[in-house]
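K.L.:
attaching a predicted model along with its sequence, questions to come.
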Amino acid sequence: MAYLEERDANGNFSKAFYDSHDSIVTVTHNEHSRDGRRSQSGSRVIHLIQFLVTVFLPTGYPDSVTRDYIDYQIYDSVQAFSSSISSLIGSRAVLTAVGVGDAAATGTSAMFITVVQATLGRLGTILFAWKFGSVLELECKKYRFGADLVNNAGIVCDCLSPYFADRKSVMILFLCCSGVLKAICGVMANGSRAALTMHFTDAQKGSISDVSAKDASQETVISLLGMLAGTLIIPYLESTTQVWTALTFLIVVHLWTNYLAVRSVVMDTLNRQRTSIVFAHVMDHMSPALLHSDFLHKPSVPVLAILSTHQVATREHVLQQDGALQWGATGPVMGTATFGSFAMVARWLPSTMSVHDLLSIFTDTGYVLWYTTTRVRGQKHQHVTVNIALLDYTDDSRDIRAWVHALIIARSLRSTTQSTAHDTILHTLALVTALFESGNATTALTSKGWHISPGRTMIVSGSVPRVRVVNT
């Protein structure tokens, strides 16, 4: 006798079918649960849990998302709950500042303040998106955490505004700062959330739109619960001490759980910081002396020298300086590197070097770079600044190679400062070439779960220009 089970997209039992006396019998979920294997009350609980999973988690969960999804969502829910309550405290302070409950206040003045605040907030949104929109994906963890830092700063401005009710200009200044900060928070949060949604969605079984929609559903419920809790708590916050104690506690909980949330994310793409951590470990593992010429004769990069995605996630910093050339996660910041126009590279070239000479050095690399050093007062080593220009050249590892080259240059200058920039670049380029070509670093990275195909690295933003070599 044939017996068929029908299950929903999450793998839960829906119906069963089997043959019986020339007819097909259909068994529903309730009938299936009363077959003696489960009690009726237990079945109801399981059915309720399955229903909640279907409503609030992505279709096909857990197979449709990555393993770090649920950890992130748990922390994210706690931080959203605390943020909802603190936002209510700020909203009450704003209403007090604009004159709610004050017989001398007018609706027109309150409307004027709201219009000015909203106008500056929208301008802040436009300017911040123009300046930083292209880098939100590269550093999504940093900007996701930074969004809540900025949001909390805006709430603090709201809470300070009532203290200057008799000085309208100062009060309006605080409210305008709050509007701008919250607008910037919106850009940072939405941009970084989009990048995280792409990360959480399984490429084969998941749907980005579904993950995003379910995330919105979760946030709506948590925010609603937070507002309901806030309406019960806020009436008891009467004195200044009570208000600021409660606000401080909520901000600490908000930031701490948000920090844990972004720390729980295990990215499988290489951005600048993760590239520095991975390749600093590779170089330390393969050649402690780093710059000894025997490194050029080493065999392929051993897979054991490559840190896994989980190992890097535990080492990377949430708040990292943009473009910092840091050796590993705990090493010193040796300088900075910037991807930009070819003019940035050309201005540092020696007067005796032509563009043709520069291109001859970086044959088939897909990039050109040059560096300069500056002495920093109170520091033993010089600060290295590397400018990188990308050529119109397609290669899976080009962006990674360019960043690793800049990192090795900064490290080599810690060991010796006697060589010229030309010699240093030639020697470090040989190390990079050995690492990626004879060392097969790309293959080793892939075997440890890193995705470095085109469009899957987060080292260079889309706004960086590419240089097309028309004639050499």
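P.N.:
Cool, got the structure. Since the model is a prediction, treat every value here as computed from it, not as a measurement.
K.L.:
what's the helix or strand for Met344?
P.N.:
For Met344, the host element (DSSP states H and E) is helix 342-346.
K.L.:
what's the mean pLDDT across that helix?
P.N.:
The average of the pLDDT scores along helix 342-346 is 89.
K.L.:
just checking, what packs against the one helix or strand Leu123 maps to?
P.N.:
Element membership of Leu123, judged by DSSP H and E, is helix 107-132. Using 3 or more C-beta pairs under 8 Å, 6 or more residues apart in numbering; DSSP states H and E, the elements in contact with helix 107-132 are helix 168-200. For glycine as for every other residue, the C-beta is placed from the backbone atoms N, C-alpha and C.
K.L.:
now the helix it packs on against helix 107-132, angle please.
P.N.:
Orientation note: helix 168-200 sits at an angle of 40 degrees relative to helix 107-132 (axes from the mean of the first three to the mean of the last three C-alpha atoms, to 10 degrees).
K.L.:
picking that back up, does anything pack onto the helix holding Met344? Which helices or strands?
P.N.:
strand 367-374, strand 383-391.
K.L.:
which stretch among the ones you listed comes nearest Trp244?
P.N.:
strand 383-391 (41.0 Å; C-beta to C-beta).
K.L.:
each with direction, which strands does the closest one pair with?
P.N.:
Taking DSSP bridges as the criterion, strand 383-391 forms sheet pairs with strand 333-339 (parallel), strand 367-374 (antiparallel), strand 466-467 (parallel).
K.L.:
check contacts around the residue nearest to Cys176 when sequence neighbours are not counted.
P.N.:
Once flanking residues are discounted, Cys176 sits nearest to Leu120: 4.9 Å by C-beta to C-beta, 6 or more residues apart in numbering. Contacts of Leu120 were listed using C-beta atoms under 8 Å, 6 or more residues apart in numbering, and they are Cys176, Gly179, Val180.
K.L.:
from Thr257, how far out is the last one?
P.N.:
Spelled out, that is Val180. Val180 sits 25 Å away from Thr257, going by C-beta to C-beta, to the nearest Å.
K.L.:
in the helix holding Leu123, what counts as buried?
P.N.:
Going by neighbour count (16 or more other C-beta atoms under 10 Å), the buried part of helix 107-132 is Ala110, Ile113, Gln117, Leu120, Gly121, Gly124, Thr125, Phe128, Ala129, Phe132.
K.L.:
what's the answer for stretch 225-236, then?
P.N.:
Buried, per 16+ other C-beta under 10 Å, within stretch 225-236: Gly226, Gly230, Ile234.
K.L.:
likewise for stretch 175-191?
P.N.:
Neighbour counts over stretch 175-191 (16+ other C-beta under 10 Å) mark 175-189, 191 as buried.
K.L.:
and the strands paired with strand 383-391 as a markdown table, adding distance to Ser83, mean neighbour count and mean pLDDT?
P.N.:
Shown next, in a markdown table, are the strands paired with strand 383-391 (distance: least, C-beta to C-beta, whole Å; neighbours: other C-beta atoms under 10 Å; pLDDT from 0 to 100):
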| stretch | distance to Ser83 | mean neighbour count | mean pLDDT |
| --- | --- | --- | --- |
| strand 333-339 | 32 | 21 | 91 |
| strand 367-374 | 42 | 19 | 91 |
| strand 466-467 | 40 | 14 | 84 |
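K.L.:
wait, which of those strands is closest to Ile70?
P.N.:
So among the strands paired with strand 383-391, strand 333-339 is nearest, using C-beta to C-beta, at 34.4 Å.
K.L.:
what sits against Val368?
P.N.:
Residues counted as contacts of Val368 (C-beta under 8 Å, 6+ apart) are Phe342, Val345, Leu358, Leu359, Ile361, Phe362, Ile388, Ala389, Leu391, Val467.
K.L.:
can I assume the second one is in contact with Ile388?
P.N.:
Yes - with contact defined as C-beta atoms under 8 Å, Val345 reaches Ile388; the gap is 7.3 Å.
K.L.:
overlap in contacts, these two.
P.N.:
Val368, Leu369.
K.L.:
residue nearest the centroid of this protein?
P.N.:
Central residue of the chain (C-alpha atoms, centre = their mean): Cys140, 1.7 Å from the mean position.
K.L.:
before we move on, the earlier item: would you turn the contacts of Leu120 into CSV with pLDDT and distance to Ser264?
P.N.:
Listed next are the contacts of Leu120 as CSV, based on pLDDT from 0 to 100; distance: C-beta to C-beta, whole Å:
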residue, pLDDT, distance to Ser264
Cys176, 92, 35
Gly179, 92, 32
Val180, 94, 30
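K.L.:
what about Arg375, how many neighbours?
P.N.:
The tally of other residues near Arg375 (other C-beta atoms under 10 Å) stands at 8.
K.L.:
against Phe249, how distant is it?
P.N.:
Noted for Arg375: a distance of 46 Å to Phe249, by C-beta to C-beta.
K.L.:
do Leu237 as well
P.N.:
Leu237 is 11 Å from Phe249, by C-beta to C-beta.
K.L.:
out of these two, which sits in the busier spot?
P.N.:
Per other C-beta under 10 Å, whichever of Leu237 and Phe249 has more neighbours is Leu237, with 17 against 13.
K.L.:
which parts of the stretch 251-400 of the chain are helices?
P.N.:
272-286, 309-315, 342-346, 355-361, 398-415 (DSSP state H, counting those that start in this stretch).
K.L.:
so which of those gets nearest Gln218?
P.N.:
helix 309-315 (22.7 Å).
K.L.:
buried sites along that closest one?
P.N.:
Across helix 309-315, burial judged by 16+ other C-beta under 10 Å covers Thr309, Val312, Ala313.
K.L.:
with stretch 195-212 instead?
P.N.:
Buried positions in stretch 195-212, judged by neighbour count with 16+ other C-beta under 10 Å: Ala195, Leu196, Thr197, Met198, His199, Phe200, Thr201, Asp202, Gly206, Asp210, Val211, Ser212.
K.L.:
let's have those residues in TSV, adding pLDDT and distance to Arg411.
P.N.:
Below are the buried residues of stretch 195-212 laid out as TSV (pLDDT from 0 to 100; distance: C-beta to C-beta, whole Å):
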residue	pLDDT	distance to Arg411
Ala195	90	29
Leu196	93	32
Thr197	92	36
Met198	91	33
His199	90	30
Phe200	91	35
Thr201	90	37
Asp202	86	37
Gly206	83	39
Asp210	90	45
Val211	91	40
Ser212	91	41
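K.L.:
wait, which of these is closest to Gly449?
P.N.:
Each of the buried residues of stretch 195-212 was scored against Gly449 by C-beta to C-beta, and His199 proved nearest at 13.1 Å.
K.L.:
and the closest one, how far from Leu123?
P.N.:
If you go by C-beta to C-beta, the gap between His199 and Leu123 works out to 31 Å.
K.L.:
just so I have it, where are all the strands in the stretch 201-350 of the chain?
P.N.:
When assigned using DSSP state E, counting those that start in this stretch, the strands of the stretch 201-350 of the chain occupy the ranges 324-326, 333-339.
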